[in-house]
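Enquirer: return a 3D structure for these sequence lines:
(one chain, ligands or ions: 1)
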Amino acid sequence: MSPSLATAAVTKHLQSVITAKGRDALSTSVLPALLDGIVAVAVALRAAHHVALAGGTNAFGDDQLNVDVTAEHLIREALARCPTVATASSEEDPVERTVSPPATSSSSSEVYTVAFDPLDGSSIIAPNWTVGTIAGIWDGATALGSRPADAQVASVLGVYGPRTTAIVALRVPGHQQPVCLDLGYTEPSSANNNNGSWDIVHENVRLSSGTPKTRYFAPANARAAADDNNYRDLILHYITNKYTLRYSGGLVPDLVHMLVKAHGIYLSPVTAASKAKLRRLYELCPVALVLECAGGKAVDAATFASVLDTPLADTDERGGLICGTAEEVDKAVAWLGKTEAN
Ligand SMILES: *[C@@H]1O[C@H](CO)[C@@H](O)[C@H](O)[C@H]1NC(C)=O
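Expert: Residues are numbered from 1 along each chain as shown. Predicted coordinates:
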């Protein structure tokens, strides 16, 4: 087994911030494996000059791209090296399947489930825009049935753009301080004898409170504004108040933009004509943990309840999303919840 590309510094930092007992495998095995998987996907994408339909559909009926299939395979391969990952499922194969049988040596009591979207952003990958991987790490042998706020202990966003970066969020029970880290990957180079490594770019990613000079908005599914007056009025409010539009159509880069700029609001509303599209298990729960660990909020676009409050009953649950800086989320909820709209 090749050594993980997560540098000693990253692993050491993870160990220092996870103060809860009995979580060694999280910082030394599961998170490093996911970071390795993200590097493998980044390398594969760089070499994939033809993005084509693979000819199949996933269990949800979405067309699969060749790169979706490759990314799915690479992340699973990375997880297979983790004895504490009991179960994994993904948007491409949304059935919780055994990865590692329960440990025979009881040196570790850690048991995790990983739920991931191997390659998010299929619609913008052909023009080579930035896309991402989304993964949530859950306590136990299933992600279903328990409250995500309690059971999902970590999540990772891999970002494939001109640079390869990753956001890691951690909120381990019994561990007081939620953590949101920004990591950067340095590609191998013979010049400085580097085999490729992850380093910490920011130890403490935080959305700002108060009103910053520049405010950003990302209105997903803007077509829904044609038949939802509240959404149309809200978008108009942002324009009138000179917010800056930053929207690429990729959930991962759009959210990472707000984390890096410390401000933003992302809206993916649900209307009668446009159904909820985002999967709770593979997209909404992991990104909600990232937002919350960075001091922001993430709520369901229909009920306005916290995304992480309601247990999942199955892997196909979907929803809309309003997330970002807490003040902006509250304001958006007030606009979208107005009753006089049709
Ligand atoms: C896609 O963009 C990356 C930089 O973001 C670049 O390294 C790569 O060569 C591009 N691929 C193609 C096929 O143009």
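Enquirer: all contacts plus neighbour counts: C-alpha atoms, from now on.
Expert: Will do.
Enquirer: let me see the contact set for the closest residue to residue 230 other than its chain neighbours.
Expert: Spatial nearest neighbour of residue 230, excluding adjacent residues (CA to CA, 6 or more residues apart in numbering): residue 336 at 5.2 Å. With contact set as CA atoms under 8 Å, 6 or more residues apart in numbering, residue 336 has these partners: 230-231, 234.
Enquirer: correct me if wrong: residue 232 contacts residue 221.
Expert: No - Residue 232 lies out of contact with residue 221 (CA atoms under 8 Å); the separation is 11.2 Å.
Enquirer: these two: who's more crowded?
Expert: Taking other CA atoms under 10 Å, residue 232 and residue 221 do not tie; residue 232 has more neighbours (17 against 13).
Enquirer: just give the nearest non-adjacent residue to the more buried one, would you?
Expert: residue 225 (4.5 Å).
Enquirer: looking at the contacts of residue 336, which has the most residues close by?
Expert: Among those, the one with the most neighbours (other CA under 10 Å) is residue 231, at 26 neighbours.
Enquirer: where's that one relative to residue 267, distance?
Expert: As judged by CA to CA, to the nearest Å, residue 231 and residue 267 stand 9 Å apart.
Enquirer: how confident was the prediction at the residue nearest to residue 232?
Expert: With respect to pLDDT, residue 225 scores 94.
Enquirer: what's the answer for residue 67, then?
Expert: Note for residue 67: predicted pLDDT of 89.
Enquirer: give the contact list for it.
Expert: Neighbouring residues of residue 67 by CA under 8 Å, 6+ apart: 45, 48, 51-52, 119.
Enquirer: now with 6 Å?
Expert: By CA atoms under 6 Å, 6 or more residues apart in numbering, the contact list for residue 67 is empty.
Enquirer: helix or strand for it, which one?
Expert: Assigned by DSSP states H and E, residue 67 belongs to helix 66-79.
Enquirer: tally of neighbours for the residue in the stretch 201-342 of the chain that the ligand sits nearest to?
Expert: Per CA to the nearest ligand atom, residue 253 is where the stretch 201-342 of the chain lies closest to the ligand, at 12.4 Å. By other CA under 10 Å, the residues close to residue 253 number 24.
Enquirer: for it, helix, strand, or coil?
Expert: helix (DSSP: H, G, I helix; E, B strand; the rest coil).
Enquirer: swap in residue 292?
Expert: When classified by three-state DSSP, residue 292 comes out as helix.
Enquirer: try residue 86
Expert: Three-state call for residue 86 (three-state DSSP): strand.
Enquirer: run through the bridge partners of residue 85.
Expert: Residue 85 has these beta-bridge partners by DSSP bridges: residue 112.
Enquirer: what's around it, how many residues?
Expert: Using other CA under 10 Å, the number of residues around residue 85 comes to 29.
Enquirer: so how far is residue 93 from it?
Expert: From residue 85 to residue 93 the distance is 17 Å (CA to CA).
Enquirer: likewise residue 254?
Expert: Residue 254 sits 25 Å away from residue 93, going by CA to CA.
Enquirer: more neighbours, the two?
Expert: A count of neighbours by other CA under 10 Å puts residue 254 above the other of residue 254 and residue 93, at 22 against 16.
Enquirer: kindly state the pLDDT recorded for the more buried one?
Expert: pLDDT, residue 254: 98.
Enquirer: residue 315 too?
Expert: pLDDT, residue 315: 97.
Enquirer: before we move on, what about the one 4 residues further on?
Expert: In this model, residue 319 is scored at 96, pLDDT.
Enquirer: tell me the contacts of the residue lying closest to it once chain neighbours are set aside?
Expert: Spatial nearest neighbour of residue 319, excluding adjacent residues (CA to CA, 6+ apart): residue 276 at 4.6 Å. Under the criterion of CA under 6 Å, 6+ apart, the neighbours of residue 276 are 270, 318-320.
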